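J.: Turn this into a structure:
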Amino acid sequence: MEISPFVRDWVLIPAAKAFIIINIMAVMAGVLTLIERRVLAFMQVRKGPNRVGPQGILQWVADTLKLMTKEDIVPSKAERIVHFLAPVLVVVPALTVFAVIPWGPEIRFKLPFIGRIETPLYVTDLNVGLLFVLAITSIGIYGIILGGWASNSKYALLGGLRSAAQLISYEVPMGFAVVSVVLMSRSLSLVEIIEAQRRAHLWFIVPGLLAFFLYFLSGVAETNRVPFDLPEAESELVAGFHTEYSGVKWSFFFLGEYANMVTVSAIATTLFFGGWLRPFPNVAVLGFLDLLPPIFWFLAKIGFFMFLYIWFRGTFPRFRFDQLMALGWKTLIPMAMVNLVLVAVAALWRWQGLRILGGIEWAVFLLALVYAWRRNKRAAALLAGQTTTGHVQAAA
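T.: Residues are numbered from 1 along each chain as shown. Sure, this is the predicted structure:
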């Protein structure tokens, strides 16, 4: 007996996709902690976790079991209901947004009792999917603010207020960067944005280099990661907004952070790097790349951005809070507004204008790299000369 098409297409398949996504993200958060710790250990020339399991590959399992069995401690003067709801408000929007992220095109397979299935590798394609992503991800800030306030702790409250100011500041340039992609694709659908890049024979990173820079920099700040981790500055706030949380509730904040990192990476992949499209999708000579499934390219691009997150953590120092706010309001927002005007003007001539804009942006970017390299080279030579002079004077 086969199941009716309505139940199959509108109940079973979406429920199965949601179940798979939630469980994959729960596992992925633990696996990413292991990957991050091992990569940071390699960068800092030290050993990472290597005790639990072969080469420490089961360390994330041990950490998960520890959090699941750890006592849930609630401060005696905390607002208990709000204290409970805060981590839920963080993790639920972080997982909900995956419903509209397109992981791949339509696939076909057959299951017993269900029949032949043709379904895309995403839960749904909203015609305002990008607007849905921005709206849902903005809800998570309420969980952070309420978590800091409900704990009745001055350190947690300061962390929550810092996070509120930071997220509000960096939402603005991120929104402007996203709008520039909407102007290029003329659609708010994430799937249609990928298809627009296919039709244009180029990824939007070409005409949207500055927009990508603004988006990803704001995304790093939105996820409270180094060098924008002021809401969780251990040396100043103990642990920030989640100071008074433990056990499963603390793991919800943790899961929400890593889910948001994946979300920022997935949206960057979709908007600027062609989503599931392989490199040079319209070049027939590279057709051998089609042997790899489209979802491979999507996951590979997300993995690259996740590596950048880890690389930043092992490289950059933390900003001061005044530097953090000045960067957002005095630098990124003016740059985002100028970029939006340039993209709007270039979009009047469609792809020809956007290609010209992309050529100008990449030329300026390469010139800036050459200038920075030469400046650093002169500074290193000057420092080496001063060091040599100092050694000679000390010897004399």
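J.: Which parts of the stretch 201-350 of the chain are helices?
T.: If you assign secondary structure with DSSP state H, counting those that start in this stretch, the helices in the stretch 201-350 of the chain sit at 209-222, 234-237, 247-272, 294-313, 321-326, 333-347, 350-395.
J.: do the same with the stretch 1-150 of the chain
T.: According to DSSP H, counting those that start in this stretch, the stretch 1-150 of the chain carries its helices in the segments 5-7, 13-43, 59-69, 80-96, 129-150.
J.: deepest of these, which one?
T.: The densest packing among the helices of the stretch 1-150 of the chain, expressed as mean neighbour count by mean count of other Cβ atoms under 10 Å, is seen in helix 129-150 with a mean of 21. The C-beta positions use only the backbone N, C-alpha and C, and glycine is treated the same way.
J.: Now do stretch 11-18: distance to the chain's middle.
T.: 25 Å (Cα atoms, centre = their mean, to the nearest Å).
J.: quick one on the thing from earlier: figure out which of the helices of the stretch 201-350 of the chain is closest to residue 72.
T.: Residue 72 sits nearest to helix 247-272 of all these, at 4.4 Å, using Cβ to Cβ.
J.: What are the buried residues along the closest one?
T.: Within helix 247-272, the residues scored as buried using 16 or more other Cβ atoms under 10 Å are 249-272.
J.: In the stretch 251-396 of the chain, where is pLDDT below threshold?
T.: Counting by pLDDT under 70, the stretch 251-396 of the chain shows low-confidence ranges at 387-396.
J.: wait, doesn't residue 266 sit right on residue 304?
T.: No. With contacts defined as Cβ atoms under 8 Å, residue 266 does not count as touching residue 304, sitting 11.8 Å away.
J.: okay if I get the helices of the stretch 201-350 of the chain as CSV plus distance to residue 280?
T.: Below are the helices of the stretch 201-350 of the chain laid out as CSV (distance: least, Cβ to Cβ, whole Å):
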stretch, distance to residue 280
helix 209-222, 18
helix 234-237, 45
helix 247-272, 15
helix 294-313, 12
helix 321-326, 38
helix 333-347, 22
helix 350-395, 15
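J.: Which of the ones you listed sits closest to residue 192?
T.: Go through the helices of the stretch 201-350 of the chain one by one with Cβ to Cβ and the one that ends up closest to residue 192 is helix 247-272, at 10.6 Å.
J.: tell me what that closest one is packed against?
T.: Counting by 3 or more Cβ pairs under 8 Å, 6 or more residues apart in numbering; DSSP states H and E, the packing neighbours recorded for helix 247-272 are helix 13-43, helix 59-69, helix 80-96, helix 129-150, helix 154-185, helix 190-200, helix 209-222, helix 294-313.
J.: so how far is the fifth one off the chain centroid?
T.: Chain-centre distance of helix 154-185: 13 Å, with Cα atoms, centre = their mean.
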